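>>> pasting the structure only:
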Ligand code: URP
Ligand code: ZN
């Protein structure tokens, strides 16, 4: 099967030019001006952008958490991804306390099996090195294509690890060529603040943010950066929300340390006042780290523009308001943490980032696709438009208006954080390895089209901007 995409504006992290793109089976095989090649299918992309499929390095599908299981499984979550122009994601496979890492990965393979609508990889979440998995076993995961270890410094007694575990895994990451990732919040201090708030009868959603102040994100982020530096491993900080955490990342990068950070769509648009909404509506924005004071939003835009932060993910972790968020109706500490977002990332970042002049189109591609591909061992197979790359392509209409709503989104969540927001610019055709997944708002592919991608070990494709 061959496809010729004619006359679109090809945008990568570095280039912006009008060309034809030729696809044979799953791969881009030629790019050029008015290619004289016959094809089984010709797509007219004049006036449209031809973007590499977006990559979301931070999702949680079919995950048990907060006393329930996320609303989206792999099928609904990845369908939602496809409509949003995301053709590959990396989900977090949890180790279960007392069980092996391999079992965690196998469990996640089973969840995706037969349901996949896009390509996917896994990070492993390390919970314990004592009762279940060992360092020796963790060392074998990169051979399975799982080349990143995530550690959470928050969620005490659930997912949190101590500094000893953190440091041992950092040392291992240096040896195995895995990328270490951290959720940076000080879980011990948060645990005390939460208990005090509950004891004082402060139970509304707003207390979620009040008990997780930005200084505790800054402290944990800086601690992890210093520990990673001593261990000599590269570090990726997930969901950065505030100046207190951007600053230590920027400082490390200015020193040439191999440290990267991501933020997530929601932190640009939702601030802590959302938690005050009446009738428990604030619970929609209960996730961790929490929404912050609005003054952090321009800090985050500056950080993604200047490469202090290098990626924008979603941390898609969806729960229904109707019967899941309500677990915490009488106590904010019991509200399952997380929100949906995979379908909205490209729409929101294109409209408010590119259309409103905060970032360039090239930078948008870097932040939503290329940098994740480089950091997580997918590049140049994914994350760019080039001969030899997978034909994961979004044909994006920069003029198309779209109003975001839970009534029309494809996530199983019953609300959308950006409900009623109208954006200009939306995907028209989304392709995975040459197969059309979505065309003009219709799903045209079947579950099973997506595949697990074995990722390469951490390479040297992205380096901090400055060295001293
Ligand atoms: O609230 C969130 N973010 N839930 C998912 C787990 C995590 O912290 O990433
Ligand atoms: Zn997460």
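Good, I have the coordinates. This is a predicted model, so every value here is computed, not measured. Ligands and ions are numbered 1, 2, ... in the order given.
>>> C-alpha only now, for contacts and for neighbours.
Fine.
>>> what residue in this protein comes nearest to ligand 1?
Closest contact between the chain and ligand 1, by C-alpha to the nearest ligand atom, is at residue 287 (3.2 Å).
>>> ok, that residue touching residue 337?
Yes - distance between residue 287 and residue 337: 4.3 Å, which falls inside the contact criterion (C-alpha atoms under 8 Å).
>>> let me know the average pLDDT across the lengthiest helix in the chain.
Of all the segments assigned as helix in the chain under DSSP state H, the longest by residue count is helix 214-231. Mean per-residue pLDDT for helix 214-231: 98.
>>> quick one, what contacts the residue nearest to residue 145 when sequence neighbours are not counted?
Distances taken as C-alpha to C-alpha, 6 or more residues apart in numbering place residue 454 nearest to residue 145, at 3.9 Å, with adjacent residues excluded. When the contact criterion is C-alpha atoms under 8 Å, 6 or more residues apart in numbering, the partners of residue 454 are 121, 144-146.
>>> so where's the protein shaky on pLDDT?
Across the chain, residues meeting the criterion (pLDDT under 70) sit at 460-461, 463-468.
>>> is the residue nearest to residue 145 in a helix, a strand, or coil?
Per DSSP: H, G, I helix; E, B strand; the rest coil, the local secondary structure of residue 454 is coil.
>>> check the gap between it and residue 125 for me.
17 Å (C-alpha to C-alpha, to the nearest Å).
>>> got it, and residue 65?
13 Å.
>>> pull out the buried residues from stretch 131-140.
When neighbours are counted by 16 or more other C-alpha atoms under 10 Å, the buried residues of stretch 131-140 are found to be 132-133, 135, 138-139.
>>> adding distance to ligand 1 and secondary structure, write those out as TSV.
Listed next are the buried residues of stretch 131-140 as TSV, based on distance: C-alpha to the nearest ligand atom, whole Å; DSSP: H, G, I helix; E, B strand; the rest coil:
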residue	distance to ligand 1	secondary structure
132	21	coil
133	21	coil
135	23	helix
138	21	helix
139	23	coil
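>>> distance between stretch 98-109 and the chain's centre?
Relative to its parent chain, stretch 98-109 has a centroid offset of 21 Å by C-alpha atoms, centre = their mean, to the nearest Å.
>>> same question, stretch 198-206
Remark: stretch 198-206 is offset 30 Å from the chain centroid, using C-alpha atoms, centre = their mean.
>>> ends of that stretch, what's the gap?
Here stretch 198-206 reaches across 12 Å from its first residue to its last, counting by C-alpha to C-alpha.
>>> and for stretch 191-205?
Per C-alpha to C-alpha, the first residue of stretch 191-205 is 16 Å away from its last.
>>> give me the contacts around the host helix or strand of residue 76.
Counting by DSSP states H and E, the secondary-structure element that holds residue 76 is helix 74-83. By C-alpha under 8 Å, 6+ apart, the surrounding residues in contact with helix 74-83 are 61-62, 87, 111-112, 115-118, 342-343, 409-412, 427, 430, 437-438, 441, 443, 447.
>>> surely residue 92 is in contact with residue 111?
No - with contact defined as C-alpha under 8 Å, residue 92 does not reach residue 111; the gap is 11.9 Å.
>>> who has more neighbours out of these two?
Looking at residue 92 and residue 111 with other C-alpha atoms under 10 Å, you find the greater number of neighbours at residue 92, namely 24 against 17.
>>> which residues in the stretch 51-200 of the chain form strands?
Counting by DSSP state E, counting those that start in this stretch, the segments of the stretch 51-200 of the chain that form strands are 54-59, 64-65, 68-69, 86-94, 119-125, 148-152, 179-183.
>>> which residues touch the third one?
Okay, so that is strand 68-69. If you take C-alpha under 8 Å, 6+ apart as the criterion, strand 68-69 is touched by 62-63, 319, 324, 336.
>>> that one pairs with which strands, and in what direction?
As defined by DSSP bridges, the strand partners of strand 68-69 come to strand 64-65 (antiparallel).
>>> quick one: the partner strand to chain centroid distance?
Relative to the centre of its chain, strand 64-65 is centred 18 Å away, using C-alpha atoms, centre = their mean.
>>> now swap in stretch 439-457 and tell me
From the chain centre to the centre of stretch 439-457 is a distance of 16 Å (C-alpha atoms, centre = their mean).
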